[in-house]
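Trainee: Have a look at this prediction, sequence included:
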Amino acid sequence: MVFGNHIYEYQKGVRNLVLFTMKRDCVDSAINKLRKLNIDFCVQYVGLNNANVFFGRPQCIKAIRSIVTRPLNELSPEEDFILGALLGYDLCLQCERFCDRKTTN
């Protein structure tokens, strides 16, 4: 149900990019739905049981493919900042997170 709501928000222009984490056994169904709706996507498998499904505007997915090349917790502070900004997270909180991560690395 939440996945469907994210698709709705994307189609209505509320979001340009969505990240949805799901069980691996649901990924094929999600991919089929996104393909049917002609929505660009990429999948990042996480551990044995989960997957991150990114979907949205082609420009955003192109950027995600170049940024998300390893687990999200291993992204540099800069990559993490860009990802959060692309996902539409609060920009001031992203700046705060970036500065915190930068001083601890």
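Mentor: That came through fine.

Trainee: quick one, phi/psi of Asn49?
Mentor: Main-chain dihedrals, Asn49, degrees, to the nearest 10: phi -120, psi -20.

Trainee: cool, and Asp40?
Mentor: Per degrees, to the nearest 10, the backbone of Asp40 is at phi -70, psi 150.

Trainee: which ones are touching the closest residue to it other than its chain neighbours?
Mentor: Leaving aside its chain neighbours, Asp40 sits nearest to Ile61 (4.3 Å; criterion: C-beta to C-beta, 6 or more residues apart in numbering). Just so you know, the C-beta spots here come from the backbone N, C-alpha and C atoms, and that holds for glycine as well. For Ile61, the contact set (C-beta atoms under 8 Å, 6 or more residues apart in numbering) comprises 17, 40-42, 54-55.

Trainee: can you give me the strands for this protein?
Mentor: Counting by DSSP state E, the chain has strands at residues 17-23, 40-46, 50-56.

Trainee: Now do the second one, average pLDDT.
Mentor: Across strand 40-46, the average pLDDT comes to 96.

Trainee: same check, this time on stretch 80-92
Mentor: Averaged across stretch 80-92, pLDDT comes to 95.

Trainee: cool, and stretch 10-28?
Mentor: 96.

Trainee: In that stretch, which of the residues would be classed as buried?
Mentor: By neighbour count on 16 or more other C-beta atoms under 10 Å, the buried set for stretch 10-28 is 10, 15, 17-20, 22, 27.

Trainee: How is this structure divided into domains?
Mentor: By the assignment in automatic domain parsing, the chain contains the domains 2-66, 75-105.

Trainee: Now do the longest helix anywhere in the chain: everything it contacts.
Mentor: In the chain, taking DSSP state H as the definition, the longest helix is helix 91-104. With C-beta under 8 Å, 6+ apart as the test, helix 91-104 has contacts from 77-78, 80-81, 84-85.

Trainee: Any of those buried? List them.
Mentor: Buried members of those, scored by 16+ other C-beta under 10 Å, are 77, 80-81, 84.

Trainee: how long is stretch 2-20 end to end?
Mentor: 9 Å (C-alpha to C-alpha, to the nearest Å).
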